[in-house]
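J.: My questions concern the predicted model and sequence given below.
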Amino acid sequence: MTRAGAPPGAAALSEKAPAKVNLALHVLGRRADGYHSLSSLVAFAGAADLLAFAPDPELSLTVAGPTARAAGPAEDNLILRAARNLAACRPGVKLGSFSLTKRLPVAAGIGGGSSDAAAALRLLARANDIPPDHPALVEAARLTGADVPVCLRPQMRMMEGAGEVVGPPLGLPPLFAVLVNPRVPVETPSIFRELGLERGGEFTIQGEPARPVIPPGGSGTRADLVAALASLRNDLERPAIAVAPVIAEVLAALRGTADCALARMSGSGATCFGLYPDCHAAARAAHALRAKQPDWWISATLLR
Ligand SMILES: C[C@](O)(CO)[C@H](O)COP(=O)(O)OP(=O)(O)OC[C@H]1O[C@@H](n2ccc(N)nc2=O)[C@H](O)[C@@H]1O
Ligand SMILES: Nc1ncnc2c1ncn2[C@@H]1O[C@H](COP(=O)(O)OP(=O)(O)OP(=O)(O)O)[C@@H](O)[C@H]1O
């Protein structure tokens, strides 16, 4: 919790909106409403957008930062949608002016817009003394987007249903990672479409367990977690590579770095992550990748 540079006369609050990383993402089937049932282990990165808020009678948003233009017009921003959804779920909630510093790549499979929306809900909760687990907040998150509920309290946990079923924090060890995005936007609906599942159908990959099996937190080591992750998958990787073949290049580049224990795509892509034994190995890998691909977005970060 931080105080941001306040406009005159108003107390400003700020929240980080960390990138969401799907460490594993298994598609279990497609529901009658067209959404896909998922089982995903989700973690959050140090790489983040920054959102500031000051109470004001008018709801407003300004967007600045390196990826502001890619995020589209402010009036379509998920931050405003989340605020309006909360006002509908909890009449009387006091709104205000938001100021977003957009740094994360957009349409990148790391839930930037969802994490911004969740940060907006946390800020409104703080400004209105609403407890973080209040049903109105959870409902506003669900109405805003499939990834928003898990971003409300950003800690490593399971996400199920279409995203609305969020498990408890798992207490698993943090992971040293490098995130790589080739700066090719990938729209989520096109990747689910490319998967080609019928509505109301079960999805099973022969011989593969349907739900990710994660070692219990607390006692497990980082190496145990990485070994468990290696037996899991992201079912959206194949359709995403079909739509954006550069993703295969990103995965190969990560796998070619020294000490990379595992490389996988996050969400619907195109961002991929590599896991490393320590922060030095991750920093070395990021450095080597930047030398080869100066135009890619590359971030060495801790996932927790
Ligand atoms: C791929 C993930 O990022 C994994 O965390 C999420 O499932 C996507 O979350 P999101 O981008 O917040 O998704 P939304 O903005 O709610 O939905 C975008 C579109 O993705 C598809 N969609 C999304 C989530 C889901 N479980 N099944 C789907 O089929 C739907 O076509 C939907 O219209
Ligand atoms: N605050 C925001 N930041 C980024 N994009 C936003 C935001 N609000 C709305 N959008 C729109 O949402 C779309 C998806 O952007 P986002 O970066 O959230 O995708 P993503 O990382 O693929 O998300 P997910 O992993 O949840 O599928 C973009 O086309 C963008 O125009």
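T.: Yep, it's here. Residues are numbered from 1 along each chain as shown. Ligands and ions are numbered 1, 2, ... in the order given.
J.: and stretch 95-112, anywhere near ligand 2?
T.: Yes - counting by Cβ under 6 Å from any ligand atom, ligand 2 is contacted by stretch 95-112 at 106-112. In short, each C-beta sits where N, CA and C put it, glycine included.
J.: how far does that stretch sit from the chain's center?
T.: 11 Å (Cα atoms, centre = their mean, to the nearest Å).
J.: so which residue of the stretch 201-304 of the chain comes closest to ligand 2?
T.: Gly267 (3.6 Å; Cβ to the nearest ligand atom).
J.: thought that residue was touching Gly112?
T.: No - when contacts are counted by Cβ atoms under 8 Å, Gly267 is not listed as touching Gly112 (10.3 Å).
J.: biggest helix in this protein by residues?
T.: Counting residues, the longest helix in the chain under DSSP state H turns out to be helix 112-127.
J.: in that one, what counts as buried?
T.: Neighbour counts over helix 112-127 (16 or more other Cβ atoms under 10 Å) mark 112-125, 127 as buried.
J.: Next: stretch 76-87.
T.: 77-83, 85-87.
J.: out of these, which one sits closest to Val186?
T.: Val186 lies nearest to Leu78 out of the buried residues of stretch 76-87, by Cβ to Cβ, at 17.1 Å.
J.: How much space separates that closest one from ligand 2?
T.: Between Leu78 and ligand 2 the computed distance is 4 Å (Cβ to the nearest ligand atom, to the nearest Å).
J.: who does Ala263 bridge with?
T.: Beta-bridge partners recorded for Ala263 (DSSP bridges): Gly274.
J.: I figured it hits Thr271, correct?
T.: No - the pair Ala263 / Thr271 is not scored as a contact, 11.5 Å apart, by Cβ under 8 Å.
J.: ok, now which ones touch whichever residue of the chain sits closest to ligand 2?
T.: In the chain, the residue that lies nearest ligand 2 is Gly113 (2.7 Å; Cβ to the nearest ligand atom). Gly113 is in contact with 71, 77-78, 106, 145, counting by Cβ atoms under 8 Å, 6 or more residues apart in numbering.
J.: can you rerun that using 7 Å?
T.: Gly113 makes contact with Leu78 under the criterion Cβ atoms under 7 Å, 6 or more residues apart in numbering.
J.: Between Ala263 and Thr271, point out the one with more neighbours.
T.: Thr271 (31 against 20; other Cβ atoms under 10 Å).
J.: per-residue confidence at the more buried one?
T.: At Thr271, the model reports a pLDDT of 99.
J.: Quick check, it in contact with Gly111.
T.: No - counting by Cβ atoms under 7 Å, Thr271 sits too far from Gly111 to count as a contact (9.9 Å).
J.: Among the residues of stretch 95-112 next to ligand 2, which one has the most neighbours?
T.: So for the residues of stretch 95-112 next to ligand 2 (other Cβ under 10 Å), the most neighbours sit at Gly111, 33 neighbours.
J.: Got phi/psi on that residue?
T.: Phi and psi for Gly111, reported as degrees, to the nearest 10, are phi 60, psi 40.
J.: if I look at it, how far off is Pro216?
T.: Look at Gly111 and Pro216: by Cβ to Cβ, to the nearest Å, they are 26 Å apart.
J.: Val150 too?
T.: Val150 is 20 Å from Pro216, where distance means Cβ to Cβ.
J.: Looking at the two, which one has more neighbours?
T.: Per other Cβ under 10 Å, whichever of Val150 and Pro216 has more neighbours is Val150, with 28 against 10.
J.: For that one, list the residues it contacts.
T.: Val150 neighbours (Cβ under 7 Å, 6+ apart): 20, 42, 157, 159, 163, 166.
J.: Quick check: closest non-adjacent residue to it.
T.: Met159 (4.4 Å; Cβ to Cβ, 6 or more residues apart in numbering).
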